[in-house]
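S.K.: predicted coordinates and the sequence they were generated for:
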Amino acid sequence: MLHDQLARSAFWALPDHEGRSSSGRRVGVEVEFAGLSVAQTAAVLRDLWGGNVTHAGAQGVTLDGGRLSRLRVELDISLQEKWLEDLAAASLGDLVPVEIVTAPLLPHALETLAEGLDALVAAGARGTQEKLAFGFGVHFNPDLPDDPAAALAVARAFGLLEDWLRHSAPLDTARRLLPFVKPWPAVLIDLLAAGEATTLKQLAPAYARLAPARGFGLDLLPVLEHLIPDALCGVPETQLKGGRPTYHYRLPETRLGDGDWSLAYEWNRWVVIEHVAADAALLACLAQDWNTHRARLVSLKRDWAAHVEALLCEAGIVARAAQPLASG
């Protein structure tokens, strides 16, 4: 499978879009896990990177001045509450979900963050695979490409690849049950495949109608709130947390301590999405084939995932995506 060819130790570079460089695009990262307290997590990262720890409210601390400049370590209260409601809190013992939230980083700084995650594992951090009730995620928040059409193309590529992404690396049971990474509705992918919207601004009204919540594998509400907030008037206020010019890619899960998993692996899956978006001919072929797939009397997600796998293999997409990051 193509996923077996994705690098686990090397972070790949984002492709350029429409002749515009991606080298300056930044990415914020959020990582959820258990096994350590906020204070323990901050101490491990301070010892590794340097910097000063200051309290940032009742639930978290900030690490300033270290190798990653600034990050927050906080309790993930939303996830903790969902556990209490849905996943039998007695099974958790005294473990509390903790989240690291970085400032926007240039991609080469992801290597430093990966070193920090290794240090946390050595100190006792635990990933989603460690316990039935765990459902931890990694969120990437990459800047949009400069070109508005390319920004939409990335969302279009995700929609057409989502079944393949999920089939190739199935989510942990608890993460599937939690309402944080639902698949996009097929009617939204139909709209994207049809190509009627040419920018994210044009997509906004339909997206607000078809996916008016944050809990999808790719959450476009933050960027749409940034670009065209008036189009989101029908979205519940609880789902609008503030606009920003970034994607909010929520599908990856945290599998700290799993030897076949790494932050680089999850990042490189996003890079593959962007490479598909940058290949207009491949994206058009996927869209046309999606329409054919949807027109069949019986169309299964696994059939579409297998078709995508074959197309991406034929296109040599992984070899194209495997470009090293520029040094920082």
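M.R.: Ah, there it is. Just so it is clear, the structure is predicted and the values come from calculations on it, not from any experiment. Numbers count the residues shown, from 1 in each chain.

S.K.: just after the strand or helix carrying residue 293, pick out the following helix or strand.
M.R.: Residue 293 is part of helix 280-295, with elements assigned from DSSP states H and E. The C-terminal neighbour of helix 280-295 among helices and strands, as given by DSSP H and E, is helix 301-315.

S.K.: would you indicate which residues of that next one are buried?
M.R.: If you call a residue buried by 16 or more other Cβ atoms under 10 Å, then helix 301-315 has these buried ones: 304, 305, 307, 308, 309, 311, 312, 315. Backbone N, C-alpha and C define where each C-beta goes, glycine included.

S.K.: I'd like to know which elements it is packed against.
M.R.: Here helix 301-315 is seen to pack against helix 148-168, helix 280-295 when contacts are counted using 3 or more Cβ pairs under 8 Å, 6 or more residues apart in numbering; DSSP states H and E.

S.K.: what angle do the shortest one and helix 301-315 make?
M.R.: With axes from the mean of the first three to the mean of the last three Cα atoms, to 10 degrees as the criterion, the two stretches helix 280-295 and helix 301-315 enclose an angle of 160 degrees.

S.K.: now do helix 280-295, average pLDDT.
M.R.: Taken as a whole, helix 280-295 carries a mean pLDDT of 96.

S.K.: what about dumping the CA coordinates of that helix to PDB?
M.R.: Taking Å, rounded to 0.1, in the frame of the first residue of the first chain, the C-alpha atoms of helix 280-295 are listed here in PDB:
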ATOM      1  CA  ALA A 280      -4.800  19.700 -12.000                       C
ATOM      2  CA  ALA A 281      -5.000  16.700 -14.400                       C
ATOM      3  CA  LEU A 282      -5.000  14.100 -11.600                       C
ATOM      4  CA  LEU A 283      -7.500  16.100  -9.600                       C
ATOM      5  CA  ALA A 284      -9.800  16.300 -12.600                       C
ATOM      6  CA  CYS A 285      -9.500  12.600 -13.200                       C
ATOM      7  CA  LEU A 286     -10.400  11.900  -9.600                       C
ATOM      8  CA  ALA A 287     -13.400  14.200  -9.800                       C
ATOM      9  CA  GLN A 288     -14.700  12.500 -13.000                       C
ATOM     10  CA  ASP A 289     -14.200   9.000 -11.500                       C
ATOM     11  CA  TRP A 290     -16.000  10.100  -8.300                       C
ATOM     12  CA  ASN A 291     -19.100  11.000 -10.300                       C
ATOM     13  CA  THR A 292     -19.000   7.600 -12.000                       C
ATOM     14  CA  HIS A 293     -18.600   5.900  -8.700                       C
ATOM     15  CA  ARG A 294     -21.600   7.800  -7.200                       C
ATOM     16  CA  ALA A 295     -23.800   7.000 -10.200                       C
END
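
S.K.: in a markdown table, list the buried residues of helix 301-315 along with distance to residue 201 and pLDDT.
M.R.: Shown next, in a markdown table, are the buried residues of helix 301-315 (distance: Cβ to Cβ, whole Å; pLDDT from 0 to 100):
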| residue | distance to residue 201 | pLDDT |
| --- | --- | --- |
| 304 | 28 | 96 |
| 305 | 30 | 96 |
| 307 | 31 | 96 |
| 308 | 28 | 97 |
| 309 | 32 | 97 |
| 311 | 29 | 97 |
| 312 | 29 | 98 |
| 315 | 29 | 97 |
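
S.K.: which one of these sits closest to residue 52?
M.R.: residue 312 (45.5 Å; Cβ to Cβ).

S.K.: low pLDDT regions in the stretch 101-250 of the chain?
M.R.: Per-residue confidence for the stretch 101-250 of the chain (pLDDT under 70) gives these ranges: 132-133.

S.K.: tell me where it has strands.
M.R.: 138-142, 218-219, 248-249 (DSSP state E, counting those that start in this stretch).

S.K.: nearest to residue 66, out of these?
M.R.: Comparing the strands of the stretch 101-250 of the chain against residue 66 with Cβ to Cβ, the closest turns out to be strand 138-142 (20.1 Å).

S.K.: apart from its chain neighbours, what residue comes closest to the residue nearest the centre of the chain?
M.R.: The central residue of the chain, meaning the one whose C-alpha is nearest the mean C-alpha position (Cα atoms, centre = their mean), is residue 249 at 2.8 Å. On the basis of Cβ to Cβ, 6 or more residues apart in numbering, the spatially nearest residue to residue 249 that is not a chain neighbour turns out to be residue 140, at 4.5 Å.

S.K.: much appreciated, bye for now.
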